[in-house]
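Asker: return a 3D structure for these sequence lines:
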Amino acid sequence: MLALGLTVGAQASSDGIAWDKAPKLTNDMAALQDGAKTFVNYCLNCHSAAFMRYNRLTDIGLTEQQIKDNLLVTNAKIGETMKAAIDPQQAKAWFGANPPDLTVIARSRADISKGSGADYLYTYMRTFYPDADKPTGWNNLAFPNVGMPHVLWQLQGDRRPIYEEKQEHGHAVKVFKGWEQLTPGTMTPQQYDQTVGNLVSYLQWMGEPIQNTRVRVGVWVLLFLGVFTFLTWRLNAAYWKDVK
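Answerer: Numbers count the residues shown, from 1 in each chain. From the prediction side, this is the model:
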């Protein structure tokens, strides 16, 4: 089983580009609030989060009034789940398939050879490039032949990937080297990466809102078990010390 796992991992690592490490901001309330704003303004038009209710955003420091004023872009009520505004039949006609629900997308995209689901999303949202041969006019290095357009292109601008040819096993192969900025976006590259990092952190939090509490409780449980184990060991030694 170990050999099979290593073989599969080696094959997976050779497919596509390496994933960049996503920032860990699930404890940063300001980052999560910014990510929620980006999600509602750019993602919720096509993608639902059918297992997340708007009022759950109070867990990241927002009041219900702030949610109503800034994040309820449709006629949805604050206690309802986040449903996409797009009609499913229109979405299938435009993109070839209905856009997936994003509630647990950060948990479902992990790859043992490349990284976590957050790493995938962070790389995916930063590797779009124009491709006139595609129906949407866009392609993606992390997800080749993707059916989704680059919804954040105005923020990032247009870029094209730069490749370098190398010889491997007697064959010429293209190796990704970097990016050339064709037209500027409304954000600098650093600002765009931060915005995507906040968005990915929000998606990661949305997949398991209780995760930070779970980790904190887990640490205290392990500490308790460690202390209890020590006391049990000493009690056992005291109990048996006079037994010959």
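
Asker: break the protein into its domains for me.
Answerer: Recorded structural domains for the chain (assignment: automatic domain parsing) are 17-209, 210-244.

Asker: give me whichever of those domains is most buried.
Answerer: Looking across those with neighbours counted as mean count of other CB atoms under 10 Å, the highest average goes to domain 17-209: a mean of 16. C-beta coordinates here come from the backbone N, C-alpha and C atoms, glycine included.

Asker: other SSEs contacting the strand ranked longest in the chain?
Answerer: Of all the segments of type strand in the chain, defined by DSSP state E, the longest one is strand 171-184. Judged by 3 or more CB pairs under 8 Å, 6 or more residues apart in numbering; DSSP states H and E, the packing partners of strand 171-184 are strand 157-168.

Asker: ok so, going back, so what strands line up beside the longest strand of the chain?
Answerer: In the sheet, strand 171-184 lines up against strand 157-168 (antiparallel) (DSSP bridges).

Asker: and the strand it pairs with, what's its mean pLDDT?
Answerer: Per-residue confidence for strand 157-168 averages out to 89 on the pLDDT scale.

Asker: just the residues contacting the longest strand of the chain, thanks.
Answerer: Surrounding strand 171-184, the residues in contact under the criterion CB atoms under 8 Å, 6 or more residues apart in numbering are 17, 130, 141, 157-167, 189.

Asker: contacts made by stretch 143-160 with the rest, please.
Answerer: If you take CB under 8 Å, 6+ apart as the criterion, stretch 143-160 is touched by 16, 42-43, 45-46, 95-97, 99, 124-126, 128-130, 134-140, 179-187, 189, 192, 195-196.

Asker: run the chain-centre distance for that stretch.
Answerer: 16 Å (CA atoms, centre = their mean, to the nearest Å).

Asker: equivalent analysis for stretch 85-96, please.
Answerer: Shown here is stretch 85-96, whose average C-alpha point lies 23 Å from the average C-alpha point of the whole chain (CA atoms, centre = their mean).

Asker: just the CA atoms of it, as CSV, please.
Answerer: C-alpha atoms of stretch 85-96 as CSV (Å, rounded to 0.1, in the frame of the first residue of the first chain):
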residue,chain,number,x,y,z
ALA,A,85,-28.3,34.4,-8.6
ILE,A,86,-27.8,32.6,-11.9
ASP,A,87,-30.4,30.3,-13.4
PRO,A,88,-29.1,26.7,-13.5
GLN,A,89,-30.2,26.1,-17.1
GLN,A,90,-28.5,29.3,-18.3
ALA,A,91,-25.4,28.3,-16.4
LYS,A,92,-25.3,25.0,-18.1
ALA,A,93,-25.8,26.6,-21.5
TRP,A,94,-23.0,29.1,-21.0
PHE,A,95,-20.4,27.0,-19.2
GLY,A,96,-21.3,23.5,-20.3
